[in-house]
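In: Need a 3D model of the sequence below.
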Amino acid sequence: MNQKTILLSSLVLCTISLLSCGKKSSSADADTGASTSGPTAGTAISFSSVTSSGMTATWGQATSSVTSPSNMQYKLVYSTSNNITTAATAQANGTLVMDWTANTLTSGVSGLSSSTTYSFAVLAKDSNGEMAIETASHATLCSGKVVFLASVSNGNMGGASGADTVCNSNKPAGFGGSTFKAMLTDSGSRAACTSGGAGDCSATGSTTGRMDWVFAPNDTLCTSDYLKRVGTTNANGYPQIPTANILASSNTVVFTGMDIYMGVAGSNNCSNWGATSGSATAGYANGVSGDHGFWANNGGIFPACSAAAKIYCVEQ
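Out: Reported below is the predicted structural model:
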């Protein structure tokens, strides 16, 4: 047999026997005829029934060329850090909510901390053990007393009680059963303290001379939609440095009558909030830096008592 005959015979045998003849084989292709690429994640994670300690997470159905939708497996985890962005890190760093479960596209999440943003990851796994991941984040609601801003046309509000009336006349929707008080001080009816004559409450930690104060100890303070935390109070009922830009995103003047140490700021209170003459100690509602610059006086803010401003209204 000559060389040409031998070559033709080999080509015929290769074709008849369906050998690879230079093509790499795949066991998945041989068994199923389908691609072995991993699954594709479904639509984005969404959240509902959000509370201060939990929520419900829902996600779209993943697809796979080797596994039917009813046999796809899902796993849900969360983290307080952005460290669950891949299948490997999600399994290593995530707190388990739902372990591998077939054909399940929703899960309740509980035991969370209020006013905290959580990262979530849903892993989808096919019958080959390959995974896809979908991630999203959401914050739990704030849990505590509500604080909001009310507008006043000037510093003559009819005293602290008149300022309370302004607050209660401007309650956010849904708070009809709540009572609010204005977070301001004067020299005769409302103060965090009157210690040492100068009212240096922060330095002494004293509550001596406290009158009709609006904050309770160890409170969490929330926006009226409960979506954000404004700040907290300490064990003596003094508000701590708040989160910036929560109640306002720019310099918004708020009458307070308090000095930087939370005490009564001398006579700078529009004659105990009953006159339009003179000036008042004020703070900035966007939370500028500095000792209590949000709640009290920071950097010498003394608006005229004849000017329009805001007041802080605190739920009781």
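In: which regions of the chain sit below the pLDDT cut-off?
Out: Residue ranges of the chain with pLDDT under 70: 1-36, 195-200, 202-205, 265-266, 287-300.
In: where along it do the strands fall?
Out: Assigned by DSSP state E, the strands in the chain fall at 46-48, 55-58, 73-79, 95-102, 106-109, 117-125, 131-139, 145-152, 180-182, 220-222, 229-232, 253-255, 282-284, 309-315.
In: Distance to residue 40 and mean neighbour count added to these, as TSV?
Out: In short, each C-beta sits where N, CA and C put it, glycine included. Output for the strands of the chain, formatted as TSV (distance: least, Cβ to Cβ, whole Å; neighbours: other Cβ atoms under 10 Å):
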stretch	distance to residue 40	mean neighbour count
strand 46-48	18	13
strand 55-58	18	18
strand 73-79	14	22
strand 95-102	17	13
strand 106-109	19	16
strand 117-125	8	22
strand 131-139	6	18
strand 145-152	44	19
strand 180-182	51	25
strand 220-222	40	22
strand 229-232	38	21
strand 253-255	52	24
strand 282-284	49	25
strand 309-315	48	23
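In: how is this protein carved up into domains?
Out: 46-139, 142-316 (automatic domain parsing).
In: tell me the most buried of those domains?
Out: Greatest average neighbour count among these goes to domain 142-316 (a mean of 19), per mean count of other Cβ atoms under 10 Å.
In: Next, the contact list for the residue most central in space within the chain, please.
Out: Centroid-nearest residue in the chain, with Cα atoms, centre = their mean: residue 139, separated by 4.0 Å. Residue 139 makes contact with 115, 116, 117, 118, 227, according to Cβ atoms under 8 Å, 6 or more residues apart in numbering.
In: one step back: is it possible to get the domains of the chain out as CSV so that each row also shows distance to residue 37?
Out: CSV is the format used below for the domains of the chain (distance: least, Cβ to Cβ, whole Å):
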stretch, distance to residue 37
domain 46-139, 7
domain 142-316, 40
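In: can you give me the helices in the chain?
Out: Using DSSP state H, the helices of the chain run over residues 3-17, 27-32, 87-93, 159-169, 201-204, 270-273.
In: Which strands and helices lie in contact with the third one?
Out: Using 3 or more Cβ pairs under 8 Å, 6 or more residues apart in numbering; DSSP states H and E as the contact criterion, the neighbours of helix 87-93 among helices and strands are strand 73-79, strand 117-125, strand 131-139.
In: Centre of the chain to that helix, how far?
Out: Chain-centre distance of helix 87-93: 23 Å, with Cα atoms, centre = their mean, to the nearest Å.
In: Outside of it itself, list whatever touches it.
Out: Applying Cβ under 8 Å, 6+ apart, the external contacts of helix 87-93 come out as 75, 77, 79, 81, 83, 84, 121, 123, 131, 132, 133, 135.
In: quick one: contacts for the fifth one?
Out: Applying Cβ under 8 Å, 6+ apart, we find residue 83 in contact with 89, 93, 119.
In: And for the second one?
Out: When the contact criterion is Cβ under 8 Å, 6+ apart, the partners of residue 77 are 84, 90, 91, 94, 95, 96, 97, 120, 121, 123.
In: If we ignore the residues flanking it in sequence, what's nearest it?
Out: residue 94 (2.7 Å; Cβ to Cβ, 6 or more residues apart in numbering).
In: wait, isn't the one you found in contact with residue 78?
Out: Yes: in this structure, residue 94 is within contact of residue 78 by Cβ atoms under 8 Å, at 6.2 Å.
In: which residues are in contact with both of these two?
Out: 84, 121.
In: want to try JSON lines for the contacts of helix 87-93, with distance to residue 45 as columns?
Out: As requested, these are exported to JSON lines (distance: Cβ to Cβ, whole Å):
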{"residue": "75", "distance to residue 45": "13"}
{"residue": "77", "distance to residue 45": "12"}
{"residue": "79", "distance to residue 45": "14"}
{"residue": "81", "distance to residue 45": "17"}
{"residue": "83", "distance to residue 45": "17"}
{"residue": "84", "distance to residue 45": "12"}
{"residue": "121", "distance to residue 45": "8"}
{"residue": "123", "distance to residue 45": "12"}
{"residue": "131", "distance to residue 45": "16"}
{"residue": "132", "distance to residue 45": "13"}
{"residue": "133", "distance to residue 45": "11"}
{"residue": "135", "distance to residue 45": "7"}
